[in-house]
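>>> Please find the sequence and the predicted model below.
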Amino acid sequence: MPCFRCGARQTDPVRGASPWKRGVRADRQVLVCPGCQSALDWADALDRCAECGSAALVCRLGEVECRDCGHTRDAAPGDLVRSGAAPAAPGDGDLSAEVAAALSRVLRGGPAR
């Protein structure tokens, strides 16, 4: 999953805690890369908790939960979110091209012998 702000892709993590942050935008889980976190307004585009106003939300199994106060609510159905409720993250359309390029590189040598 790319950074929702700049489209950078997460690389294989080193041991320890990931420097990437999670958030929710338009009821979809998003990631924010360390570079974008250096901007003062990096969390402004994220959804906020209706109870406490925190941006520390996670989206899982059709629910959005606040990690600060524990408030949960139902997430919007996926087809409503994708129909124009929120703009697509940068790089969303590039994934199929990246996968095709990776497969081409891996399979270039032909079948294994």
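Sure, I can see it.
>>> And the next helix or strand past the lowest-mean-pLDDT helix or strand in the chain?
None of the helices or strands of the chain scores lower by mean pLDDT, DSSP states H and E than helix 78-80, at a mean of 49. Using DSSP states H and E, the next helix or strand after helix 78-80 towards the C-terminus is helix 95-107.
>>> neighbouring contacts of that next one?
For helix 95-107, contacts defined as CB atoms under 8 Å, 6 or more residues apart in numbering pick out residue 9. For glycine as for every other residue, the C-beta is placed from the backbone atoms N, C-alpha and C.
>>> do stretch 15-29 as well
With CB under 8 Å, 6+ apart, stretch 15-29 has contacts from 1, 3-4, 10, 30-34, 37, 43, 45-47, 55-60, 64, 75-76, 78, 81, 85-86.
>>> which of those count as buried?
Among these, those classed as buried by 16 or more other CB atoms under 10 Å are 3-4, 30-33, 43, 45-47, 55-57, 59, 64, 75-76, 86.
>>> Inside helices: which ones of the residues you listed?
Residues of the buried ones among the contacts of stretch 15-29 located in helices (DSSP state H): none.
>>> Among those, name the ones in strands.
Using DSSP state E, 30-32, 57, 59, 64 are the members of the buried ones among the contacts of stretch 15-29 that sit in strands.
>>> Would you reformat those residues as JSON lines and include pLDDT?
Converted to JSON lines, those look like this (pLDDT from 0 to 100):
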{"residue": "30", "pLDDT": "91"}
{"residue": "31", "pLDDT": "91"}
{"residue": "32", "pLDDT": "92"}
{"residue": "57", "pLDDT": "93"}
{"residue": "59", "pLDDT": "90"}
{"residue": "64", "pLDDT": "93"}
